Structure formats: structure tokens, C-alpha cells
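Asks: quick one, fold the following:
(2 chains)
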Amino acid sequence: MKLNLALAQINTELGNIQANLEKHLTLVKQACQDGMDLLVFPELSLTGYVLQDLVPAVSCRPESDDPFFQQLLDASRNIDLVVGFVDEDTRHRFYIASAYLSQGEVVHVHHKVYLPTYGLFDEGRFFAPGDSVRAFETRFGRFGMLICEDFWHASPPYILWQDGADVLLFSSASPGRGLNGEPKLESSTWVEHINRAYASLFTIFVAHTNRSGFEDGLNFWGGSTVFDPNGKLVAQAPYFEEALTKTEIDLNQLHRTRARLPLLRDERPELVQRELERILHGN
Amino acid sequence: MEINLSIDPELVRKILTEFIRSEIIRVGFSRAVVNLSGGIDSAVSFVLAAEALGPQNVLAICLPYKTSLADSLEHAQMLIDQSGCPSVTIPITEMTDPLIAREPGMSEIRKGNIMARARMIVAYDQSEAFKGLVVGTGNKTEILLGYTTLYGDSACALNPIGDLYKTQVRQLARALGIPEPIIAKPPSADLWAGQTDEGELGFTYEEVDKLLYLLVDQRYRPEECVEAGFDEKFVRQVFERVRKNQFKRVLPPIAKLSSRTVGYDFLYLRDWGT
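Replies: Model (predicted):
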């Protein structure tokens, strides 16, 4: 089975949902014309990243009566979509969220579990952390979604793998940093290393959509990637620029890789559970 | 401990020109003004701005004082000729000397501050006239050391080179094709005869950049830098300088009274809504 996957590496306007939504809809149209099945936007693609006190002003609900989601859900009748937004729950907690939309329905919403609050990051000050990591069924198989810092922790990708995900959709708004004389920022190298590692260790597809553009002095380095279950780079967007990166991924590669390398078959989650029980509860 | 101050100039050039373009255009402008001193820092900011916005959109401002070195103006002119940008030369002697003359025997520091602030006044006036934002020229070394006049040469709308140490600015300058005499000459604020940065600071940029890289970028403790062979007095002096000059790197503290106060819990980026 083939999946025509497109990564929408966009810049955003900070706090201007209407402008960002219009950009989403333009790219949806383009991706549909190009015969794409799934279009993935970066973290907080509807709002921009360093929101600070703008958070309560830009939240929305992933429901058909939300004026923004109504249009995105309509758009998802022709192409599956992953969009990044601020989710406000019924108790008025705000989450960094990604929604998977398909055939006019919200298939899954992930709330960012790990909120970096150190160095240049201040997410924990403004957002509530999510408390679940779940894979979900799509018309192309079982997928998982994570947002930026989530995949700097090894456990969320592992959980999704064990929950049946064969394709991991990562999204981020990763600020570029780290000069060392190389023609690539250290932040790009770090992220590419770990994405390749997950693809190789779990024999799965890992598609990462990062954003581009600037917010004040922060640059977002783009460089979105797709790695296949062999850990091979199958698509990469340019660094720093907006791009719609299209690639056909052959889901039958899962069959071939796992025939060669049965890491999933041999994985022992009960052992992990037992040892974690011992570590956490002393039994 | 590894000290790696090398940069890939093309990578840095790409990020910084896109930064200038993004941060000027998104707030409704398309032009910039840059005070050209004839030195390497302003040369780099200027060339980056011209590359980002197009030479016709960047105004070079030369602001000589009567004691400024002839070299300074010549070097600024070399850059202007090379870039094809419009320029204006406005001597600041006439506007600063009456103030200086009010107090015979005024210290060089005070005179230097007056000149730096006069240059700021002209830059911001030209900013309005040319409808261009002031692009800053302060590098990371001088920002950390506080080797700058508050509301003078540090004043700007955006600063492309403030996260590059002086020795890194030199690497970038070469890649940008900045004339060698500008890169090679001893850095100087050129506020009085014989002034050089390194003479005034008491150490070289080469030395202090290595130390700052360890203390700031790599988070080494001062003691560890001494153990690694840096002179203890030098380490202490630099660390204290960085600490004492924090006030130049932040907005003035506002006394909090209300439930929402600018600087504490009224938090938005400059780019809010753009």
C-alpha cells in the first residue's frame, strides 16, 4: 500500500489564526491537486509558537461548531490532515495539541505531554500537559502523533510502537541554535539523529514536520524529514524555508524490513512493565 | 574542554539575512538605516542588511566627530561604494561640542557617551526620514562585557550580530567580502585619539571570547576555567564585568503595583500579531 504524504513546512503569523488558517487551506488545495493522501502541518500551525499571554486568545475546539475547525474538517473530506493548535478543554485548561482529521471527522487529538520549561522554552508556564499517548486507526493503518519535546523522551514513541503505530507523525516548532563550524545547526543534527534512531529501532516510518520563519530573534530551521523502517532518509525539506514536501511512502516496506529484522516480534513489553513496577513501586 | 568558536559563514549569513528581512517586513517596513563607524561590526550589519533588503533600501549614515580618525570615514566610504547603498554624512561635532564646552575638563568617558548618544539621535531621526528601521551593530562580546553606551550605540530596532562573538564576526566579515583593512585594523570606538577596545578593556578579543564561550555558552564554572589555565584575575574580572552590566541588557525594572505589569506578567513577543 502506498501513502502519498505531504509535509507542510510553513511559517506562521503569531496569534493570527485567520491568516494561518488561510495558508492551511491554500496548501490543502495544492496538496489535493497533487494527489496527496495526507498533509501534516507543524506544531501550533494555526497560531504560531511563542504565544505567551496570547494563549487564551487563540484557543479553539477541535469540533465541527468551531469556526476554524469547521473549515478544516470540510477540507479533510478530500485529504487527511494533521494540524497544530491550542486546545482549550471544557474546564478551560490550555494544551498544545495536534488533531488528525479525515473525511470530515476528528479522528484523534494528541495533547503535548512534555512541555519544555527550561533554557529558551517556557511552555509549562502557559500550558497544561497532556496525560495520554495513544495510537489511532486511520484509513492507511495505525498511526501515532507526538509534538516536539514528546519525542525527546524515548517512552512516548515506544508506547506508540507498542500500541500498534507503524507510522509516527512528529510535528515541531524547533528554534534553530548551535554553531560549530558545520554547515548545519546543531539543533537540526540532534533532531535528525533521534528521528532516524526511532525509525531504525522500531522499524517504523517517522515523518517529522518542522516549521520555518522567525519569531523575534528565534529562527525555525525547517528541514522536515521522512525516515523509512530501515532508518533511511526518504524525503527532506530545505532548511529555513517554507516548503510543501511530497513523498510516496511504500507501507509494504514494513513487511520487508520486519522480515529481515524482527525487533517488534522480539520486543518484551512485559519485561519493561515488570522492571518499571520494580523501579517505581519496589515490587 | 573544547573551545569551538568557528562558524560556517554561509549558514550564518542565510539565517541573519532572513532574520533582517522577516523582522523588518513583518512590522510594515521595507527599509533600514545603519550607522557606519568604519569598523567591522557596523560593516557586517550593513552588508547583511543590504543583502537582505536590497542596496536601495538601506541608508548608510556616517557620523564623524572632529577627532575621528580619517581612516574611519574612508573605510565607511569603501563599504558604501562597494554596496551601492544611499548614504548621508552628518558631522556630530556641532551638536555635541556646545554641551561638552559647558564643562571644561569633562572626562573622555562622558564625551564618548555624548557622542554615542548624538549618533543614536541622528540614526533615529534618519530612521523616520528614510522610513527604515535602525539595524544594530553590537556583537555578543561587547553586549556581555557591557562595552557599550546605554541608549547610545546599543540602541536599535533589531540586532543581527548580537549572538556572534567578535572573533566570529571576523569570520563572517571575510565571507561577506568586507575589505581587509576594516577587518585587520585594531577595533576602536574612535571616541578619542589612540583609543582601542583591547587597550581599554585590558585583554584581547581572542582571549575573552574563549573565556566567555566557556562561561556563557558551555556553562563552565569560573573555577573550571581557572583550572583549565585561564588567569584567575582575568576570569574574575570578566565574570564581574558580565554581572555588573546586566542592567544594560534588560529593560529598566518597573515597580510592580497592579495585577498585571509590563515586564513581569504582560508577556508578548515584539512580533505579536504579525
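
Asks: drop to CA atoms for contacts and neighbour counts, all remaining ones
Replies: OK.

Asks: what's residue B:112 in contact with, if anything?
Replies: Applying CA atoms under 8 Å, 6 or more residues apart in numbering or on different chains to residue B:112 gives the contacts B:191, B:192.

Asks: check what pLDDT it gets.
Replies: What the model reports as pLDDT for residue B:112 is 95.

Asks: kindly export the helix or strand it falls within (C-alpha atoms) in PDB.
Replies: Using DSSP states H and E, residue B:112 sits in helix B:108-130. The C-alpha atoms that make up helix B:108-130 are tabulated as PDB, following Å, rounded to 0.1, in the frame of the first residue of the first chain:
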ATOM      1  CA  GLU B 108      36.700  61.300  28.000                       C
ATOM      2  CA  ILE B 109      34.100  58.800  29.100                       C
ATOM      3  CA  ARG B 110      31.400  61.500  29.300                       C
ATOM      4  CA  LYS B 111      32.400  62.900  26.000                       C
ATOM      5  CA  GLY B 112      32.400  59.500  24.500                       C
ATOM      6  CA  ASN B 113      28.900  58.800  25.800                       C
ATOM      7  CA  ILE B 114      27.600  62.100  24.500                       C
ATOM      8  CA  MET B 115      29.000  61.300  21.000                       C
ATOM      9  CA  ALA B 116      27.500  57.800  21.100                       C
ATOM     10  CA  ARG B 117      24.100  59.200  22.100                       C
ATOM     11  CA  ALA B 118      24.300  62.000  19.500                       C
ATOM     12  CA  ARG B 119      24.800  59.300  16.900                       C
ATOM     13  CA  MET B 120      21.800  57.500  18.200                       C
ATOM     14  CA  ILE B 121      19.700  60.700  17.900                       C
ATOM     15  CA  VAL B 122      20.800  61.100  14.200                       C
ATOM     16  CA  ALA B 123      20.100  57.400  13.500                       C
ATOM     17  CA  TYR B 124      16.600  57.500  14.800                       C
ATOM     18  CA  ASP B 125      15.900  60.800  13.100                       C
ATOM     19  CA  GLN B 126      17.100  59.300   9.800                       C
ATOM     20  CA  SER B 127      15.100  56.300  10.600                       C
ATOM     21  CA  GLU B 128      11.900  58.400  10.500                       C
ATOM     22  CA  ALA B 129      13.100  60.400   7.400                       C
ATOM     23  CA  PHE B 130      14.100  57.300   5.400                       C
END
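
Asks: can you count the residues close to residue 82?
Replies: Went with chain A since none was named. By the criterion of other CA atoms under 10 Å in any protein chain shown, residue A:82 has 27 neighbours.

Asks: let's do chain B instead
Replies: Neighbour count of residue B:82, defined by other CA under 10 Å: 13.

Asks: look up how far chain A lies from it.
Replies: 27 Å (CA to the nearest CA, to the nearest Å).

Asks: what does residue B:112 give?
Replies: Per CA to the nearest CA, residue B:112 is found 30 Å from chain A.

Asks: so who does the residue nearest to residue B:64 when sequence neighbours are not counted touch?
Replies: Excluding the flanking residues, the one nearest residue B:64 by CA to CA, 6 or more residues apart in numbering or on different chains is residue B:91, at 4.9 Å. By CA under 8 Å, 6+ apart, the contact set of residue B:91 is B:62, B:63, B:64, B:65, B:66.

Asks: what does the helix or strand of chain B with the lowest mean pLDDT rub up against?
Replies: Comparing every helix and strand of chain B by mean pLDDT, DSSP states H and E singles out helix B:197-201 as the least confident one, with a mean of 91. Contact with helix B:197-201 is made by B:186, B:187, B:188, B:189, B:204, B:205, as judged by CA under 8 Å, 6+ apart.

Asks: export it as PDB, just CAs?
Replies: Provided in PDB are the C-alpha atoms of helix B:197-201 (Å, rounded to 0.1, in the frame of the first residue of the first chain):
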ATOM      1  CA  ASP B 197      38.900  48.400  22.600                       C
ATOM      2  CA  GLU B 198      41.600  46.000  23.600                       C
ATOM      3  CA  GLY B 199      43.700  48.700  25.200                       C
ATOM      4  CA  GLU B 200      40.700  49.900  27.200                       C
ATOM      5  CA  LEU B 201      39.400  46.500  28.200                       C
END
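
Asks: list the buried ones in it?
Replies: Within helix B:197-201, the residues that count as buried by 16 or more other CA atoms under 10 Å in any protein chain shown are residue B:197.

Asks: what about it, distance to the chain center?
Replies: Relative to the chain's own centre, helix B:197-201 is displaced by 16 Å; criterion: CA atoms, centre = their mean, to the nearest Å.
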